[in-house]
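A.B. asks: The sequence isn't on hand, but the structure is:
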């Protein structure tokens, strides 16, 4: 699909993820705790090959960019839930460290949700988050996600069980926010 570019310079936009972005994205994970939050099944060191492997075959991976720039400032995915093609989940949300705290994460999540409902015709969108990732929980809440359950996962089938929160959003729950454009998606 050919990109449709917004005319507003500096506006945050979604674009398709390309494997060439993976090395930069892998560098954004600065601590073991961040890796646990972003990709609990991934092992250190995070490499470009691991980032490329995050995308599910039936899912879509995106980068967030500033209009007119090709450098990613965020990464995230939309994936169908197994046996529920109209129920999507958002995965592997990460924002470049120097862009955190300025709304890029919220714009990324909001735009992924918009794509899920308007382009993929999702009935609902879910994600899971570690409760101690308070910045992410606040971000998802600002977009309109609600906590619907608590669950426990053992990543990789071994090791300790981890408590996670399942959050969900329906089309009517989306809170208004800044206008964001999807480019080439």
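C.D. replies: Everything's here; your move. Just so it is clear, the structure is predicted and the values come from calculations on it, not from any experiment.

A.B. asks: List of residues touching the helix ranked longest in the chain?
C.D. replies: The residue-count maximum for a helix in the chain (DSSP state H) belongs to helix 104-118. Residues outside helix 104-118 that contact it (Cβ atoms under 8 Å, 6 or more residues apart in numbering): 12-14, 62, 64, 73-76, 78, 88, 90, 93, 95-96, 122, 125, 135-136, 139-140, 142-144, 169, 171, 174, 177-178, 180-182, 185. To be clear about C-beta, it is placed using only N, CA and C from the backbone, and glycine gets the same treatment.

A.B. asks: hmm, 6 Å instead?
C.D. replies: Under the contact criterion Cβ atoms under 6 Å, 6 or more residues apart in numbering, helix 104-118 has outside partners 12, 14, 64, 73-74, 76, 78, 88, 90, 95, 122, 125, 139, 142-143, 171, 177, 180, 182, 185.

A.B. asks: what distance separates it from the centre of its chain?
C.D. replies: How far helix 104-118 lies from its chain's middle: 8 Å, per Cα atoms, centre = their mean, to the nearest Å.

A.B. asks: Tell me who's in contact with residue 155.
C.D. replies: With contact taken as Cβ under 6 Å, 6+ apart, residue 155 is in contact with 40, 41.

A.B. asks: shaky segments in this structure?
C.D. replies: By pLDDT under 70, the low-scoring segments of the chain are 1-10, 177-185.

A.B. asks: all strands for it, in order.
C.D. replies: In the chain, the strands defined using DSSP state E lie at 12-16, 60-66, 74-81, 84-95, 124-129, 146-153, 162-169, 181-182.

A.B. asks: Can you tell me the strand partners of the second one and which way each runs?
C.D. replies: For strand 60-66, the pairing partners within the sheet under DSSP bridges are strand 12-16 (antiparallel), strand 74-81 (antiparallel).

A.B. asks: Adding mean neighbour count as columns, could you present the ones you listed in a markdown table?
C.D. replies: A markdown table is the format used below for those (neighbours: other Cβ atoms under 10 Å):
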| stretch | mean neighbour count |
| --- | --- |
| strand 12-16 | 22 |
| strand 74-81 | 20 |
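
A.B. asks: Tabulate these in a markdown table, adding columns for distance to residue 117.
C.D. replies: Below are these laid out as a markdown table (distance: least, Cβ to Cβ, whole Å):
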| stretch | distance to residue 117 |
| --- | --- |
| strand 12-16 | 14 |
| strand 74-81 | 11 |
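
A.B. asks: And those: which comes nearest residue 33?
C.D. replies: Smallest distance to residue 33 across these (Cβ to Cβ): 17.9 Å, for strand 74-81.

A.B. asks: Centre of the chain to the closest one, how far?
C.D. replies: Put simply, strand 74-81 sits 5 Å off its chain's centre (Cα atoms, centre = their mean).

A.B. asks: Okay, angle between it and strand 84-95 too, please.
C.D. replies: Computed with axes from the mean of the first three to the mean of the last three Cα atoms, to 10 degrees, the direction of strand 74-81 lies at 160 degrees from that of strand 84-95.
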